[in-house]
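# I would like the atomic coordinates for the input below:
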Amino acid sequence: MKRSRRAQTFLPPPHPNADAHERFVAAFRRMTQAERFQTIVDAGICTPDGKFTAPYTSDEPSMRHPETWKGARPRRASKTASKQARKSAANG
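Here you go, the predicted structure:
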């Protein structure tokens, strides 16, 4: 039996702050890029020079490299790179 490949839309469960969240998202969309940046600076996420603050930085490889995240697939070589590798192996 074939499985249907319909796109599924993810809807998060409702939460008690849904109204406040909707208002924030609407306000955030109206902001300029400079206002958005100032918002994350005021929240303590970034410094004024654009670097993450200590709570938002990590030296753990799993945070820096998406390929080490749980369930992530290793990156595949491009078709061109694969063809070049086969040619080199055949010639060399």
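# give me the number of residues near residue 9?
Neighbour count of residue 9, defined by other Cβ atoms under 10 Å: 5. (C-beta placed from N, C-alpha, C; glycine too.)
# What strand or helix carries it?
Under the criterion DSSP states H and E, no helix or strand holds residue 9.
# which stretches of this protein have low pLDDT?
1-7, 59-85, 92 (pLDDT under 70).
# the helices in it, which residues?
Along the chain, counting by DSSP state H, helices occupy 18-30, 33-42, 61-64, 79-91.
# mind putting these in a markdown table, distance to residue 51 and mean neighbour count included?
Listed next are the helices of the chain as a markdown table, based on distance: least, Cβ to Cβ, whole Å; neighbours: other Cβ atoms under 10 Å:
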| stretch | distance to residue 51 | mean neighbour count |
| --- | --- | --- |
| helix 18-30 | 21 | 10 |
| helix 33-42 | 11 | 12 |
| helix 61-64 | 15 | 11 |
| helix 79-91 | 34 | 9 |
